[in-house]
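J.: Can you look at this prediction? I've put the sequence above it.
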Amino acid sequence: MTVELVCPFCHFSKKVPERKIPVSAKWAICPRCHQKFEISRSNGEPCPLPEEGQLAGEHEVDREPAQELERSGSPWENRSEIGFTRGIFYTFKNTLFSPSTFFKGLSVKAGLREPLAFGLLMGAAGNMFGLFWPVMMLSGGMIPFGEAFLAHLSVGLIFLILVVVVPVCVMLSMFVYSGILHLLFLIVRGGKNGFEATFRVVAYSQAAQAWGMIPVVGSWVGGIWQLIVQVIGLREIHGISYLRVFMAFLLPVGILFLVAIAVLISLIGYFAQ
């Protein structure tokens, strides 16, 4: 009797004789998209996975049910094996539509270069479109005084902004935002896997900027979607509760609120005198 193992991410399938499946094995890595997944039998019961080397030589097993899931690289980081287009597509798809599974199995010690490259590619493309549509609306007269404003911008300057300034700003913003965010996580004792883990979430969440290709509302949708992906991703990659994640995100708001109250009390005292 054979058991068909199907990757839920890229739908790659492999039939394995049931007698070759060890009882204690539980997880596999797809040889095509390199995502770790748990397989179920056709009757819905959990199906243990084959030993290392049986599923096209690319899967791993987790023999202890209570043991933490072993992490691996993203499809983008394995694009040399699965192809450039597949690497982008599966990383984009998994980040936006399966963020919990994606970041739960994402390595936290694989370097900054690969996530930086992906974040720069997706973030720059999305932000370019985010600037392109307003420029089109200005040139089309849909925004008052738009033509007068564009008269001061040459084609070369617009090209420079889109091709040079936007990527540089995206790269700097990822590092600065990740640094501030990780500092907030350290304050709430939530950044246990280090700055690199936080940066990887921020970088891969740039996939949401692709919604900037949609005119007018795309940037808003992308911003909200990116924030949701970050909340889920930071929880999974650091292995903390949503409470700590929300505390980290809301900490600046609380600090600003306290500062505003202090300034208001000072002003009231000043005018009372």
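T.: The structure has been received and is ready for your questions.
J.: Do you have the helices of the stretch 1-150 of the chain handy? List them.
T.: With DSSP state H, counting those that start in this stretch applied, the stretch 1-150 of the chain shows helices at 79-82, 84-97, 99-104, 113-139, 146-150, listed in chain order.
J.: if we compare those helices, which one ends up closest to residue 17?
T.: Among the helices of the stretch 1-150 of the chain, the nearest to residue 17 by C-beta to C-beta is helix 79-82 (25.9 Å). Where C-beta positions appear, they are placed from N, C-alpha and C, glycine not excepted.
J.: Mind giving me the packing neighbours of the helix or strand containing residue 224?
T.: Using DSSP states H and E, residue 224 sits in helix 218-238. In terms of contacts (3 or more C-beta pairs under 8 Å, 6 or more residues apart in numbering; DSSP states H and E), helix 218-238 is packed against helix 84-97, helix 99-104, helix 113-139, helix 166-187, helix 194-204, helix 242-272.
J.: same thing but 6 Å
T.: If you count contacts as 3 or more C-beta pairs under 6 Å, 6 or more residues apart in numbering; DSSP states H and E, helix 218-238 packs onto helix 99-104, helix 194-204, helix 242-272.
J.: Make JSON lines from these and add mean neighbour count, mean pLDDT and distance to residue 174 to it.
T.: Shown next, in JSON lines, are these (neighbours: other C-beta atoms under 10 Å; pLDDT from 0 to 100; distance: least, C-beta to C-beta, whole Å):
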{"stretch": "helix 99-104", "mean neighbour count": "21", "mean pLDDT": "90", "distance to residue 174": "16"}
{"stretch": "helix 194-204", "mean neighbour count": "24", "mean pLDDT": "95", "distance to residue 174": "6"}
{"stretch": "helix 242-272", "mean neighbour count": "12", "mean pLDDT": "89", "distance to residue 174": "17"}
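J.: Select, out of those helices, the one closest to residue 76.
T.: For the helices and strands packed on helix 218-238, distance to residue 76 was read as C-beta to C-beta. The smallest value, 8.0 Å, belongs to helix 194-204.
J.: so how far is that closest one off the chain centroid?
T.: 9 Å (C-alpha atoms, centre = their mean, to the nearest Å).
J.: Next, the angle from it to helix 166-187.
T.: Relative orientation of helix 194-204 and helix 166-187, computed by axes from the mean of the first three to the mean of the last three C-alpha atoms, to 10 degrees: 140 degrees.
J.: Output the contacting helices and strands for helix 194-204.
T.: So helix 194-204, by 3+ C-beta pairs under 6 Å, 6+ apart, packs with helix 113-139, helix 166-187, helix 218-238.
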